[in-house]
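J.: Could you look at this predicted model? Sequence included:
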Amino acid sequence: MNMFATLGKAWKIPDIRRKMIFTLLMLIVFRLGSNIPIPGIDRQVLAEAFNGQGLFELFNLFSGGAFANFTIFALSITPYITASIIINLLTIAIPYLENLAKEGTEGRKKMTQITRYLTVILALLQAVGYTFGLFRNAMDDDVFSKIVVIISLTAGTAFLMWLGEQINEYGVGNGISLIIFGGIVCRAPGAIGTAFTSYRAGTVSFISLLLFAVFALAVIVGIVLVQQGQRRIPVQYAKRVVGRKMYGGQNTHIPIKVNQAGVIPVIFGLSILQFPLTITYFFPGGKFEAFMNKWLSPSGDPGVWLYVALDAILIIFFTYFYTAITFNPVDVAENMRANGGFIPGIRPGRPTVEYLNNVMMRVTFVGAIFLAVIASMPYLIQQFTELQIRFGGTALLIAVGVALDTMKQIENQMVMRNYRGFL
């Protein structure tokens, strides 16, 4: 109810209302483009090539179904996400990128430009791979047709990247995430309709539908609690006199989020685990496919148990890995000491670093277990019921997380507007 109240207040403010309308129009453009097919594609062959499993279902999730239909937005914004992750990881290893990250606004602009170029390169490579690899039998064999497909896919990703930047500049912000959010939410009515159709046909029981509803509600509540949860470490700043003025002497805190890594560990773990299954698409009918379907398949016994176990281990690992990248206790402790701050009861320097690291490890453990449970539950429900759930936990995690972040941005814009009016 608080969310709807905030939206109602924001709608009454003219400039924020214009931003909300602009954002909605951009999302409509995204949905229209997701239904424009690439010319020269045999839809029947395409349907046989894509069976809604493996890593391709993750791509289909981000694209809002555009990948399965092979439209101009089939690659969605996935190359941009990959490029952003690569740039963030290289920031630690390459001094030039590290210096750009510390240069403020100008440095961020240069890093954004590098990310754009890398996005186009990755989109081009993926487009070539799909054109000459997985979907080669679904299109004409002449060179011109393949060039049209490659250009259409690459241009579609570049346009979505531009669309996200327009939402950041003229809309409510959070553009790239809102595009992913729109792709996920638009599939919800179809999934609900399919579930009720299966119930009427007798293939799914009422208990299964009720279990799914309870699971979805529990996941949403859990995601909200974990996304909002944080461990606040108290920090006190010593008083110091500069000239005739006294500075410091105030108390604040360092917020360490329970889920510092967001949905990134789920995507990384899923991508690695689904990679061997994806290879079976290119070599059907062999011993490798039979082995993978038996021992590492999320839809069969006993493979589902090994799949869930490995998925949980990978998610926990990547949660700690990504959190260690985004939160550096050494830098935090150094910044506190430089500004005369200290944690009560903890000596500055190495003891502060060790304390922050211990707190981060314990808090991250809760977030990692939560992500592993959310990612594993759909497969377990699918194993014990007739209800077929594909990436339900991941989809809800992304959708709820983006909705919370977007609401925070709208609230921040309302606060800034009030401050401007007051000043």
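T.: That came through fine.

J.: Tell me the buried residues in the helix or strand harbouring Asn412?
T.: If you go by DSSP states H and E, Asn412 is part of helix 392-422. Neighbour counts over helix 392-422 (16 or more other CB atoms under 10 Å) mark 392-403, 405-407, 409-410, 413 as buried. Bear in mind the C-beta positions are built from the backbone N, C-alpha and C, glycine included.

J.: Let's test this: mean pLDDT of that helix, rounded?
T.: For helix 392-422, mean pLDDT rounds to 74.

J.: next one: stretch 86-103
T.: 80.

J.: how much space is there between Val224 and Asp405?
T.: With distances taken as CB to CB, to the nearest Å, Val224 is found 12 Å from Asp405.

J.: no wait, Ile176
T.: 11 Å.

J.: swap in Ile264?
T.: 14 Å.

J.: Also Lys294?
T.: The separation that Lys294 has from Asp405, given CB to CB, amounts to 41 Å.

J.: quick one: low-confidence parts of the stretch 1-150 of the chain?
T.: 1-3, 47-59, 61-62, 134 (pLDDT under 70).

J.: all helices of it, in order?
T.: 2-11, 14-33, 43-49, 55-63, 66-69, 78-93, 95-101, 105-129, 143-170 (DSSP state H, counting those that start in this stretch).

J.: The longest one packs against which elements?
T.: With contacts defined as 3 or more CB pairs under 8 Å, 6 or more residues apart in numbering; DSSP states H and E, helix 143-170 has these neighbours: helix 14-33, helix 78-93, helix 105-129, helix 175-185.

J.: and the second one, what does it pack onto?
T.: On a contact count with 3+ CB pairs under 8 Å, 6+ apart, helix 78-93 meets helix 55-63, helix 95-101, helix 105-129, helix 143-170, helix 303-326.

J.: who touches the shortest one?
T.: Outside of helix 95-101, the residues within contact range by CB atoms under 8 Å, 6 or more residues apart in numbering are 87, 90-92, 107-108, 110-111, 114.

J.: before we move on, back to that, nearest to Ile343, of the helices and strands packed on helix 143-170?
T.: Nearest of the helices and strands packed on helix 143-170 to Ile343, taken as CB to CB: helix 78-93 at 25.5 Å.

J.: mind saving the C-alpha coords of the closest one as PDB?
T.: What follows is helix 78-93, C-alpha atoms only, in PDB (Å, rounded to 0.1, in the frame of the first residue of the first chain):
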ATOM      1  CA  THR A  78      22.000  -9.400 -22.300                       C
ATOM      2  CA  PRO A  79      25.200  -8.200 -24.100                       C
ATOM      3  CA  TYR A  80      25.100  -4.900 -22.200                       C
ATOM      4  CA  ILE A  81      24.800  -6.800 -18.900                       C
ATOM      5  CA  THR A  82      27.800  -9.000 -19.800                       C
ATOM      6  CA  ALA A  83      29.800  -6.000 -20.900                       C
ATOM      7  CA  SER A  84      29.100  -4.200 -17.700                       C
ATOM      8  CA  ILE A  85      30.100  -7.100 -15.600                       C
ATOM      9  CA  ILE A  86      33.300  -7.500 -17.600                       C
ATOM     10  CA  ILE A  87      34.200  -3.800 -17.200                       C
ATOM     11  CA  ASN A  88      33.500  -4.000 -13.500                       C
ATOM     12  CA  LEU A  89      35.800  -7.000 -13.100                       C
ATOM     13  CA  LEU A  90      38.500  -5.500 -15.200                       C
ATOM     14  CA  THR A  91      38.400  -2.400 -13.100                       C
ATOM     15  CA  ILE A  92      40.300  -4.300 -10.400                       C
ATOM     16  CA  ALA A  93      42.900  -5.700 -12.800                       C
END
